[in-house]
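Enquirer: With the sequence up front, the predicted model follows.
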Amino acid sequence: MGISLPTENDRANESAAAFISCSNVVLDFQSRGVSQRVLSDLSLRVMSGQIVSLLGPSGCGKSTLLRGIAGLIDADSGRTEIRGQPISKTMPNATRDEISFVFQEPALLPWRTVWHNVMLPLEIRGLSKLKDKQDTIEHLLQVVGFKSSDWHKLPSQLSGGMKMRASIARAMSTNPKILLLDEPFAALDDMLRSKLNDLLLAISKEQKCTMLFVTHNIAEAIYLSDEIAVMSHGRIAECLKVPIPFPRESKMRSSSEFAAYYGVVSEALSRCHS
């Protein structure tokens with residue numbers, strides 16, 4: 001069972017079974033006194049441990065949906081839940097702590113070293129002096145590819161790819177159950193992007209967290225995802241289960257199976273935006 005567009009009769013049971021559930025979510029933004037609908041009766045279900053990509057053109061509501069699931073903005077109507085618990089800007093800290101967000105820009109504090117940037121969420125929670133938490137930071141830095149000689153570098157001394165690696169490690173430092181990623185690799189070249197895709201798959205396997213990944217890139221969505229939610233005009237227009245088995249390796253991108261499914265996803269995007 002994965003993402004789907006539930007029927008009215010099934011919606012209550014399906015929402016209870018989902019790890020992340022959005023039901024009939026509506027959200028309007030106000031600009032100069034004019035109301036603009038950004039999310040329109042949107043429903044989505046994501047099961048525990050899945051990687052789901054939100055795919056679609058700019059302005060279709062992908063990033064807004066991600067921020068709603070993070071509890072950064074509240075919908076005008078509808079319901080968003082994690083394990084049946086409602087999500088909002090006023091949700092309990094215990095629920096909020098289960099969610100981490102990786103933005104398109106790494107947003108590292110320029111005066112803090114890599115180590116101290118990654119440690120920041122634990123400092124905010126008053127946990128940074130615990131030995132097991134420091135061991136966690138060391139492990140995460142190794143997982144994302146930092147040598148010990150890099151730990152004490154400032155962001156100005158890092159490449160774009162290394163900054164994003166530090167941002168991902170920081171997001172994982174609290175051992176989140178949900179990792180939300182808003183086009184984190186959009187500004188990177190294709191080779192580096194591919195390497196960081198592999199990094200996310202490795203983190204998913206080790207940490208067993210549920211990931212929602214916003215992207216414009218069809219190949220990236222296929223490579224990373226269990227399922228792809230194609231968005232159009234504030235709705236989930238189609239949900240596509242990726243038939244390629246895990247584990248996935250870079251050579252898969254040049255396979256006939258990958259090329260064929262690329263065509264399937266491209267056609268879905270065309271249908272949704274024709």
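Expert: Nice, I can see it. Numbering: from 1, shown residues only.

Enquirer: Which other helices and strands does whichever helix or strand residue 101 is part of contact?
Expert: If you go by DSSP states H and E, residue 101 is part of strand 99-102. In this structure, strand 99-102 makes packing contacts with helix 160-172, strand 178-182, judged by 3 or more Cβ pairs under 8 Å, 6 or more residues apart in numbering; DSSP states H and E. All C-beta spots, glycine's among them, are computed from the backbone N, C-alpha and C.

Enquirer: Taking helix 160-172 as reference, get the angle to the helix or strand following the shortest one.
Expert: So the one you mean is strand 178-182. Where DSSP H and E defines the elements, the next helix or strand beyond strand 178-182 is helix 190-207. For helix 190-207 against helix 160-172, the angle by axes from the mean of the first three to the mean of the last three Cα atoms, to 10 degrees is 20 degrees.

Enquirer: Mind listing what's buried along helix 190-207?
Expert: Buried residues in helix 190-207, defined by neighbour count with 16 or more other Cβ atoms under 10 Å: 192, 193, 194, 196, 197, 199, 200, 201, 203, 204, 207.

Enquirer: returning to that earlier point: same question for the strand holding residue 101, mean pLDDT?
Expert: Mean per-residue pLDDT for strand 99-102: 94.

Enquirer: returning to what we had before: of all the helices and strands packed on strand 99-102, which lies closest to residue 245?
Expert: strand 178-182 (22.1 Å; Cβ to Cβ).

Enquirer: how distant is stretch 258-265 from the center of its chain?
Expert: 22 Å (Cα atoms, centre = their mean, to the nearest Å).

Enquirer: Any chance you could list what contacts it?
Expert: If you take Cβ atoms under 8 Å, 6 or more residues apart in numbering as the criterion, stretch 258-265 is touched by 55, 218-219, 221-223, 228, 230, 240, 242-244, 252.

Enquirer: what would the residues you listed look like in TSV with neighbour count and distance to residue 272?
Expert: Formatted as TSV, the contacts of stretch 258-265 follow (neighbours: other Cβ atoms under 10 Å; distance: Cβ to Cβ, whole Å):
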residue	neighbour count	distance to residue 272
55	27	10
218	19	13
219	18	18
221	25	14
222	24	16
223	24	21
228	28	12
230	22	5
240	20	11
242	23	17
243	10	20
244	14	22
252	14	25
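
Enquirer: which one of the residues you listed sits closest to residue 133?
Expert: The closest of these, once distances to residue 133 are taken by Cβ to Cβ, is residue 223, at 32.1 Å.

Enquirer: Pull the most distant pair out of the contacts of stretch 258-265.
Expert: 230 and 252 (21.2 Å).

Enquirer: coming back round to it: in its sheet, what does the strand holding residue 101 sit against?
Expert: strand 178-182 (parallel) (DSSP bridges).

Enquirer: Would you mark the buried spots in the partner strand?
Expert: Buried-residue list, strand 178-182, by 16+ other Cβ under 10 Å: 178, 179, 180, 181, 182.

Enquirer: check contacts around the last one.
Expert: Taking Cβ under 8 Å, 6+ apart, we find residue 182 in contact with 62, 63, 66, 101, 102, 103, 104, 214.

Enquirer: quick one: which of the buried residues of helix 190-207 is nearest to residue 118?
Expert: Nearest member of the buried residues of helix 190-207 to residue 118, counting by Cβ to Cβ, is residue 203, at 13.6 Å.

Enquirer: That closest one and residue 129: what is the separation?
Expert: 25 Å (Cβ to Cβ, to the nearest Å).
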